[in-house]
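> what shape does this take:
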Amino acid sequence: MPNRKITVTLTGPVKLDGEDRKAGDQVEVTMSVALQLVELGALAGLPEVDLGDAQAGEDPVLHEKARAMAETLVGQKVAEAMAETTAELDNERRRADELALQLSETQAERDSLKAQLAAVQAERDDLAVAATTAEPETADPAGGEVTDTAPKKRGK
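Residues are numbered from 1 along each chain as shown. Here you go, the predicted structure:
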């Protein structure tokens, strides 16, 4: 069994026999190399092997033990990956919540500044209207004194 080759499809990049291989490549490897690939995470699991045409001297019990070990390793790797992914997802959710709160605070501040600006503009407009509707006073050109231009009443 150690020399028997099986064809596997890689699920991750790996260097085999000095050659870089990528996920999706199909390669022929021995069972021991396949087990190593599973440990490295470059192989999701061992393919089904027909024990009916097993070579003389192969031990089906050993083969099943190897398969069980490989499946256990795959399960552990999947659990580790899920734990890491879940932790990253939780961190990203917390960050999203923080950013949503920050956005809400910034929008509230913006709205407050808009209201203040509108009040200042309204006050400016009121002052401009008041300035244009006020009665103009005239100054005495010679003395610079302000004089009343209203007609005076003549007494009896």
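
> run a quick neighbour tally on Leu73.
17 (other CB atoms under 10 Å). To be clear about C-beta, it is placed using only N, CA and C from the backbone, and glycine gets the same treatment.

> in what helix or strand does it lie?
Taking DSSP states H and E as the definition, one finds Leu73 inside helix 60-133.

> just checking, what packs against that helix?
Other helices and strands packing on helix 60-133, by 3 or more CB pairs under 8 Å, 6 or more residues apart in numbering; DSSP states H and E, are helix 31-40.

> which other residues reach the helix it packs on?
With CB atoms under 8 Å, 6 or more residues apart in numbering as the test, helix 31-40 has contacts from 1-2, 4, 6, 8, 10, 12, 14, 16, 29, 43-46, 49, 63, 66, 69-70, 73-74.

> repeat that with 6 Å
8, 43, 46, 70, 73-74 (CB atoms under 6 Å, 6 or more residues apart in numbering).

> now those in CSV, with distance to Glu80 and pLDDT?
Below are these laid out as CSV (distance: CB to CB, whole Å; pLDDT from 0 to 100):
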residue, distance to Glu80, pLDDT
Val8, 21, 85
Leu43, 16, 79
Leu46, 19, 70
Ala70, 16, 86
Leu73, 11, 87
Val74, 11, 87
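
> can I see the domain layout of the protein?
Domain segmentation of the chain under the TED database yields 1-44, 60-132.

> in the chain, where is pLDDT below threshold?
In the predicted model, the chain carries pLDDT under 70 at residues 1-3, 47-58, 135-156.

> hmm, 80 instead?
Within the chain, the segments meeting pLDDT under 80 span 1-4, 43-59, 134-156.

> any idea how far Asp59 is from the residue nearest to the spatial centre of it?
Nearest to the geometric centre of the chain sits Glu92, at 6.4 Å (CA atoms, centre = their mean). As judged by CB to CB, to the nearest Å, Glu92 and Asp59 stand 48 Å apart.

> what is the burial count for Thr132?
Neighbours of Thr132 under the rule other CB under 10 Å: 7.

> what about it, distance to Ala83?
Using CB to CB, Thr132 is found at 73 Å from Ala83.
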